[in-house]
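Engineer: Coordinates only, no sequence provided:
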């Protein structure tokens, strides 16, 4: 069921080529490069001292690590329409969304390294980034961000502002009660919230088709009488266009929308994941969205070797500054282990 209307209950397919201006297109590329550069740095630091072999509990960044390489088009396309006054809730794979939403790299890196200068004074780690300055939060619990986004959207509506909330979750979360209950309530109360599903085909090691009855979660929007769109091909420009429509609808007081982006997880579910369950693994690097988009912009005359090099150098400078800041920040005092905890 595909239609070109945007009325509640309709489903819109991949939007195709969008008429974005050159500066916006280059900006999307630069955001994606910054997100990837950060993930590559964290990948390097995470594995630097896990040996011999692989000990997940060792090193400067102990514990699990879920990196978002390949999913940058979602963050760049959606967050381009948000301000830091808008709320964004994310998943256990949150770095790309946090960066695209404007979170400070130093405080973010320090939290990932478990340092006192981090967002949560080093207590939360990479899956629990909470930043009042950008109204960003995330959690390791599947679909956990959907209900808090409703609360934020409800508050924004009561305050009479045009602020909105965006709730991002993976396709595995679309089968949870929190997903359906949240969309139903948002539709009932006409809340200014945008629901975004990152469909990377795998809920840890469970293939999408083995867990989800529908081919597109956008079709589920029909059940709640709201617009739904699915973007194919990990297309950052089509994601940008879909998010523009959904955000405008929310700001205008017309209620929620649902966007699903068929994206890509380049690396494992977590670092150390051998990914033996992925039959397509050898082909995955060829689908990397950043070099693909770079070629599109080169063909359009918007990027050349110098521009690509500048984007990479600028991103590296910012990221390495954040990593150095984190590594040189103090660890929390063990005597303060019970501080900042509700008694």
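Structural biologist: Alright, I've got the coordinates. All values reported here derive from a predicted model rather than from experimental measurement.

Engineer: Check what pLDDT residue 7 gets.
Structural biologist: Looking at residue 7, its pLDDT stands at 42.

Engineer: The chain should start at 43 in everything you say after this.
Structural biologist: Sure, I'll start counting at 43 from here, so that last one is residue 49.

Engineer: quick one: the helices in the stretch 43-192 of the chain?
Structural biologist: 64-89, 114-121, 137-142, 147-154, 188-201 (DSSP state H, counting those that start in this stretch).

Engineer: in the first one, what counts as buried?
Structural biologist: Yep, that's helix 64-89 we're talking about. Residues of helix 64-89 classed as buried by neighbour count (16 or more other C-beta atoms under 10 Å): 67-68, 70-81, 83-84, 87-88. Where you see a C-beta, it was placed from the backbone N, CA and C, and this is true even at glycine.

Engineer: Next: the second one.
Structural biologist: Within helix 114-121, the residues that count as buried by 16+ other C-beta under 10 Å are 114-121.

Engineer: I'd like those residues laid out as CSV, including pLDDT.
Structural biologist: What follows is the buried residues of helix 114-121, written out as CSV (pLDDT from 0 to 100):
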residue, pLDDT
114, 98
115, 98
116, 98
117, 98
118, 98
119, 98
120, 98
121, 98
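
Engineer: mind giving me a markdown table with those residues and columns for distance to residue 357?
Structural biologist: Formatted as a markdown table, those follow (distance: C-beta to C-beta, whole Å):
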| residue | distance to residue 357 |
| --- | --- |
| 114 | 12 |
| 115 | 16 |
| 116 | 18 |
| 117 | 14 |
| 118 | 13 |
| 119 | 18 |
| 120 | 19 |
| 121 | 16 |
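
Engineer: which residues touch the residue positioned nearest the centre of the chain?
Structural biologist: With distances taken as C-alpha atoms, centre = their mean, residue 139 lies nearest the centre of the chain, 3.6 Å away. Residues in contact with residue 139 (C-beta atoms under 8 Å, 6 or more residues apart in numbering) are 110, 116-117, 120-121, 130, 132, 178, 180, 210.

Engineer: just so I have it, where are all the strands in the stretch 193-342 of the chain?
Structural biologist: With DSSP state E, counting those that start in this stretch as the definition, the stretch 193-342 of the chain shows strands at residue ranges 207-212, 235-241, 244-245, 248-249, 270-273, 299-304.

Engineer: any idea how far the second one is from the chain center?
Structural biologist: In terms of C-alpha atoms, centre = their mean, to the nearest Å, the gap separating the centre of strand 235-241 from the centre of its chain is 9 Å.

Engineer: Then the first one?
Structural biologist: Relative to the chain's own centre, strand 207-212 is displaced by 8 Å; criterion: C-alpha atoms, centre = their mean.

Engineer: Could you give the average pLDDT over that strand?
Structural biologist: 97.
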